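**Q** From the sequence below, what's the structure:
(2 chains)
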Amino acid sequence: MNADNHPLLEVENLKAHLTLDEGVLKAVDGVSFTIAPGQILGLVGESGCGKSMTVQALMRIEPKFARVEGKILFHPPRGLPVDLAALEPHGQEIRAIRGGDIAMIFQEPMTSFSPLHTIGNQIVEGIRLHRTSSRRAARQLAIEMLARVGISNPQQRVDEYPHQLSGGMRQRAMIAMALACEPSLLIADEPTTALDVTVQAQVLQLMRDLQSDFGMAILYITHDLGVVANMVDEVAVMYLGKIVEYTDVNSLFANPLHPYTQALLKSVPKVGKKQRTRLASIEGSVPVPINRPPGCAFYARCTKAIDGLCNTRDPQLVEAEAGHRVSCFLYQEEGEAVDEAENQGGHYAG
Amino acid sequence: MLSYFIRRMFYMVIVLALVSAVSFYIVNLPPGSWIESYALELLAEGGEIADQAELDYLTQRYGLDKPLHIQYLRWIGPILTRGDFGQSFEWQQPVWNLIRERLMLTMIISGASILFIYAVSIPIALYSATRQYSIGDYVFSFMGLIGLATPNFLLALVFMIVMLKVFGVSPGGLFSPEYLRESWSLAKFWDMVKHLPVPVIVVGTAGTAELIRILRGLLLDELEKQYVKTARAKGVSEWRLIIKYPFRMALNPVLSTIGNLLPAIVSGSAIVSVVLGLPTTGPLLLRSLIAQDTYAASSMLMMLGVLTVLGIFISDLLLMWLDPRIRYERAN
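**A** Predicted coordinates for the structure are as follows:
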């Protein structure tokens, strides 16, 4: 049984390195975070920062040429904690957890369903793997779930094909599929990015409602800071395969510490702001993390970089204020930084 | 849906009408007619000069003095009204009797070849795609390229030599000599089955190699698709999900080529049939084209056209059965 003080998921120093012809791409390079039962953690960052690879590694559905290292300690509601990183990616153990205790919603509702099978068939497939082997009970459950996510006429919809549903409907069906097995952790990989703005709001509302009904924890991946403000309890900001800032949502918006987070917040357009002000953007683009030189990943784009320090040593994620962790030399003593560099490891988790 | 079928039937009739006209026209395209080649042959065989009166009589009897469109109507008319394909000039017997058994044997060999192609290439393609760049993948790709590059008739010759030298049996023909003149019986059928492997392998090798390449490429594309990841995230086992999702997607283009496979095999196997001495339509078609045996040649081309159109129709039906998007599109 899961004691209340247990976190649901503890990720420690997670790495996903992709072996490519050009070299090793460190898509995820030492990421640590924890999720408590029922908590919503937002994972924020630009495209290419490694957030999608992080969650694929969590589910162990990473690409074939990726190597996953580190610790992914999952405490299921029933049974003993498991280290997902140590499991065989196609093995029986991880498959029992995937889709059951941990479910996932993907970004593209258009391509996430097979066009050749009915919505019902694809929802039932998961239910029969994890909840009941009865075909009829599984179908009934699928219809109930479709009704639950606000799809009208679910008895008919269940036998329809994905191309007969609109994008918003498909994403609702996707959510129904993910929640059908009542997971204790839902991973949502930019679930509203591909939708119209009005539909986005509906889907977000739906996810909030379902969260309070089902009580599952959510790991919410997004690059949309507006969604972050609306949805999540805690935020981890990712940049180039690393978490650069990790705090609760209020202090992130009130007091962003990392120069990258500050720049990110400045680049959000605000309604009611003085007209004709230019929208701030971050100079440059996210570098490709192949054979990256040492030093802070944000060094090249940072306006507050300290030459000789930021480009020679890797900053570590340390607690700068109570419950507010940041990986930046601006908030650490130099001696501390040296200490950190010497004992590379996760003593910051805590 | 019904209106789609009716429309489809209508198109098939139009296509077949065009096929019949074009094949009749093409057969008659070379200068001269069967009469001239008959006279030449007599001259070459016995040195006797054909009697001009006899030639004139034959010309008149077969209507070869009439304009081409009249000849066409005299050929197509009986086919449509009585299913009568006319007389073969060369063999002096009804065309239908001539091609009936050969057509059936051709279809047996083609059908067996198609089954062979599928049975061999689908498992290999699945293996190669799921283990891309493995040693096995390279070995199969290498063998596939060789299979693709080897001409059929050469393979047939190699097979004949091997069968003769190693096993001491003559692989030519489709029947043992004692069954050649027999009418159909279970024993004769079994004898044919025993003779089938060599022609089937020879005819099917190139197709197998091609299908492996096509299917492997399609599967590699499909395996990267998002819906595969979705299924994996549900906890579906790897083999199950490959068969259920990407493999079924990859079958679409394969099924849609069934219609093309048939004529390709029939025409491709003509040379093989000559080399192996198989009693299929291929050698007969070649012979009747050389002899300008108009009715026999046109009728056989026509039959191949019918088979092709039917094949495409069948593959369309299969596609509709398999892919709801196509079904939906056609129904509306």
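
**Q** Could you report the separation of A:Val286 from A:Ala236?
**A** Separation of A:Val286 from A:Ala236 (CB to CB, to the nearest Å): 16 Å. C-beta coordinates here come from the backbone N, C-alpha and C atoms, glycine included.

**Q** These two: which has the busier surroundings?
**A** Shown here are A:Val286 and A:Ala236; by other CB atoms under 10 Å in any protein chain shown, A:Ala236 has more neighbours (25 against 18).

**Q** next helix or strand past the longest helix anywhere in chain B?
**A** The longest helix of chain B (DSSP state H) is helix B:95-130. Downstream of helix B:95-130, the first helix or strand assigned by DSSP states H and E is helix B:135-149.

**Q** Report all helices and strands that that following helix contacts.
**A** Applying 3 or more CB pairs under 8 Å, 6 or more residues apart in numbering or on different chains; DSSP states H and E, one finds that helix B:135-149 contacts helix B:95-130, helix B:197-223.

**Q** List the buried residues for it?
**A** B:Asp137, B:Phe140, B:Ser141, B:Gly144, B:Gly147 (16 or more other CB atoms under 10 Å in any protein chain shown).

**Q** What is the following helix or strand past that helix packed up against?
**A** Next along the chain after helix B:135-149, taking DSSP H and E as the criterion, comes helix B:152-162. Applying 3+ CB pairs under 8 Å, 6+ apart, we find helix B:152-162 packed against helix B:197-223, helix B:258-276.

**Q** Tell me which of those helices sits nearest to B:Leu157.
**A** Closest approach to B:Leu157 among the helices and strands packed on helix B:152-162 (CB to CB): helix B:258-276, 6.3 Å.

**Q** In the stretch 201-350 of chain A, which residue sits nearest chain B?
**A** Going by CB to the nearest CB, chain B is nearest to A:Leu219 of the stretch 201-350 of chain A, at 13.1 Å.

**Q** That residue reaches A:Leu41, doesn't it?
**A** Yes: using CB atoms under 8 Å, A:Leu219 is in contact with A:Leu41, at 5.4 Å.

**Q** just checking, what packs against the longest helix of chain B?
**A** strand B:87-88, helix B:135-149, helix B:197-223, helix B:258-276, helix B:281-290, helix B:294-322.

**Q** Please repeat the previous calculation with a cut-off of 6 Å.
**A** On a contact count with 3 or more CB pairs under 6 Å, 6 or more residues apart in numbering or on different chains; DSSP states H and E, helix B:95-130 meets helix B:135-149, helix B:197-223, helix B:258-276, helix B:281-290, helix B:294-322.

**Q** Show me what from the stretch 201-332 of chain B comes close to chain A.
**A** By CB under 6 Å from any CB of the partner chain, the part of the stretch 201-332 of chain B that sits against chain A consists of B:226-227, B:229-230, B:232-235, B:238, B:245, B:248, B:324-325.

**Q** quick one: which of the residues you listed is nearest B:Ile76?
**A** Of all those, B:Arg325 has the smallest distance to B:Ile76: 39.3 Å, by CB to CB.

**Q** Let's verify that closest one: helix, strand, or coil?
**A** Per DSSP: H, G, I helix; E, B strand; the rest coil, the secondary structure class of B:Arg325 is helix.

**Q** Could you check how far it is from A:Leu204?
**A** Look at B:Arg325 and A:Leu204: by CB to CB, they are 30 Å apart.

**Q** Those two: which is more packed in?
**A** Applying other CB under 10 Å to B:Arg325 and A:Leu204 shows that A:Leu204 carries more neighbours, namely 19 against 16.

**Q** Can you tell me the SS state at the more buried one?
**A** helix.
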